[in-house]
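Colleague: Predicted model and sequence below, questions to follow.
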Amino acid sequence: PLLAAAAAAGVEIIGEVELAWRLRGPGAAPWLAITGTDGKTTVVRMLACMLEAAGHRTLAVGNVGTPIVEAVTGDGAEPYDVLAVELSSFQLHWSASVRPYAATVHNVAPDHIDWHGSLDAYAADKAKIFAPGTLAVVNADDEWSTRLGERAERSVGFTLGSPLAGQLGLVEDLLVDRAFTDDPVREAAELAELSDVRPYAPHNVANALAAAALARAFGVPVDAVREGLRRFTPDPHRIELVATVRDVAYVNDSKATNPHAAAASLAAYRSIVWIAGGLLKGADVDELVRSCADRLRGAVLMGRDRARIATALARHAPNVPVVDVADTDTGAMDRVVAAATALARPGDTVLLAPVGASFDMFAGYPARGEAFATAVGRLTAS
């Protein structure tokens, strides 16, 4: 009611990100900013590792955990050279004057539609990161990122294909830069090898290229890009191998809380027993199920919106066996993992890629992932 009354009275409403920007003093650290539906935290942490490898005093802030206000107001310590800033659509919605040095809209797919009201409104808030004067780093493989980048004053791109001049991309097993060299038309700089990207999956290579583009925009040398990738340690609950039991891999991707993230996870494995369910936040799952149907050995569904996933499976993967676990008590994940284990065959991957948010059953996606890992641990002990 307070905010609604303020808006009705024409009072400006800002968020913590906008406040932090306005509190910056003379000579404040520039921001290298990341937004997108998926991959934000991985990109921002990869970027921070690259900046540190180049000798910069930096910090990953924003939606990644540390409030930006703490970084810009300081505590008497030496000031930062540059900040790696993760921004959500919610944070950008309440920001008006933020002007990053360089920024990327990593990708855009339906998510949080229940809050924003439409995909267009969601994308419009993401697009605010491409502010006047900001170098836009565009994902050339993502339709929305490309479209939003067309409005930017300056832009470079990245792709999982062979890069054109003005892009970063892949040449065989190398990550290369044709955007920040002396002669982008004729010259490419080798940044890293695919083996330097951990864990390896196509979407994680895209994460590495996005981070590298932002780092290179700030002048980070090529050897620091490679060293940063090698130093990077993935956050938990992101395509994390928990254990291999009787030649079945158990992978925790609890952070896959929307169809776009789940699709990237499902694409990384050949034969899958899929654990899915939760709060879909208004997202449609038909295209996701259609795209992964030929990879599914079986599916185990849990959570409030599991019936919608079951309907999509019946429509697009009618021959895939489905187990419905209606339980919501603290032992539900044990029954989910047991059901998945019964469906799996040697060489399969039991993949927790829920598609939905976790709050119907858990305190958050980390709690859901930890429950999965604990249940798998009981398998290894038996």
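Modeller: Arrived safely, thanks for sending.
Colleague: which stretches of the stretch 151-300 of the chain form strands?
Modeller: 154-158, 167-171, 174-177, 189-193, 240-245, 248-252, 272-277, 296-301 (DSSP state E, counting those that start in this stretch).
Colleague: What strands line up against the fourth one, and which way round?
Modeller: What that stands for is strand 189-193. Here strand 189-193 has these sheet partners by DSSP bridges: strand 174-177 (antiparallel).
Colleague: now do the fifth one
Modeller: Each strand that pairs with strand 240-245, with its direction, by DSSP bridges: strand 248-252 (antiparallel).
Colleague: Give the buried residues for stretch 16-23.
Modeller: Within stretch 16-23, the residues that count as buried by 16 or more other C-beta atoms under 10 Å are 17-21. Glycine gets a C-beta too; all of them are placed from N, C-alpha and C.
Colleague: who touches it?
Modeller: 14, 62, 67-69, 71-73, 87, 91-92, 94-99 (C-beta atoms under 8 Å, 6 or more residues apart in numbering).
Colleague: please redo it, this time with the cut-off set to 6 Å
Modeller: Applying C-beta atoms under 6 Å, 6 or more residues apart in numbering, the contact partners of stretch 16-23 are 68-69, 72-73, 91, 95, 98.
Colleague: Which one (most neighbours) among those residues?
Modeller: residue 68 (26 neighbours; other C-beta atoms under 10 Å).
Colleague: Looking at that one now. What's its pLDDT?
Modeller: We have a pLDDT of 94 for residue 68.
Colleague: ok, now the one 5 residues further on?
Modeller: Reported pLDDT at residue 73 in the predicted model: 84.
Colleague: Phi, psi for the residue lying closest to it once chain neighbours are set aside please.
Modeller: The shortest distance from residue 73 to any non-neighbouring residue, by C-beta to C-beta, 6 or more residues apart in numbering, is to residue 23 (5.9 Å). The phi and psi values for residue 23, taken as degrees, to the nearest 10, are phi -90, psi -10.
Colleague: mind checking how far residue 23 is from residue 74?
Modeller: 10 Å (C-beta to C-beta, to the nearest Å).
Colleague: ok, now residue 345?
Modeller: The value you get for residue 345 to residue 74, if C-beta to C-beta is used, is 56 Å.
Colleague: my guess is residue 38 meets residue 263, correct?
Modeller: No. Contact criterion C-beta atoms under 6 Å: residue 38 and residue 263 do not qualify, at 9.4 Å.
Colleague: what about stretch 274-292, how long is it end to end?
Modeller: End-to-end span of stretch 274-292 (C-alpha to C-alpha, to the nearest Å): 10 Å.
Colleague: which other residues reach it?
Modeller: 110, 113-114, 258-259, 263, 266, 296, 299-306, 309, 312-313, 316, 336, 340, 351-352, 354-358, 360.
Colleague: Which ones among those residues map onto helices?
Modeller: 113-114, 259, 263, 266, 306, 309, 312-313, 316, 336, 340 (DSSP state H).
Colleague: hang on, residue 321 packs against residue 297?
Modeller: No. Using C-beta under 6 Å, residue 321 is not in contact with residue 297; the gap is 8.1 Å.
Colleague: Count the residues that sit near residue 325.
Modeller: 20.
Colleague: Ok, the one 5 residues further on next?
Modeller: Under the neighbour criterion other C-beta under 10 Å, residue 330 is assigned a count of 10.
Colleague: That one: helix or strand, and which one exactly?
Modeller: For residue 330, there is no host helix or strand (DSSP states H and E).
Colleague: and it, what pLDDT?
Modeller: pLDDT, residue 330: 79.
Colleague: Would you format the strands of the stretch 151-300 of the chain as JSON lines with mean pLDDT, mean neighbour count and distance to residue 327 included?
Modeller: Converted to JSON lines, these look like this (pLDDT from 0 to 100; neighbours: other C-beta atoms under 10 Å; distance: least, C-beta to C-beta, whole Å):
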{"stretch": "strand 154-158", "mean pLDDT": "97", "mean neighbour count": "23", "distance to residue 327": "43"}
{"stretch": "strand 167-171", "mean pLDDT": "97", "mean neighbour count": "21", "distance to residue 327": "44"}
{"stretch": "strand 174-177", "mean pLDDT": "98", "mean neighbour count": "22", "distance to residue 327": "45"}
{"stretch": "strand 189-193", "mean pLDDT": "97", "mean neighbour count": "19", "distance to residue 327": "45"}
{"stretch": "strand 240-245", "mean pLDDT": "94", "mean neighbour count": "16", "distance to residue 327": "21"}
{"stretch": "strand 248-252", "mean pLDDT": "97", "mean neighbour count": "23", "distance to residue 327": "20"}
{"stretch": "strand 272-277", "mean pLDDT": "98", "mean neighbour count": "28", "distance to residue 327": "11"}
{"stretch": "strand 296-301", "mean pLDDT": "98", "mean neighbour count": "24", "distance to residue 327": "12"}
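Colleague: Nearest to residue 133, out of these?
Modeller: strand 154-158 (8.4 Å; C-beta to C-beta).
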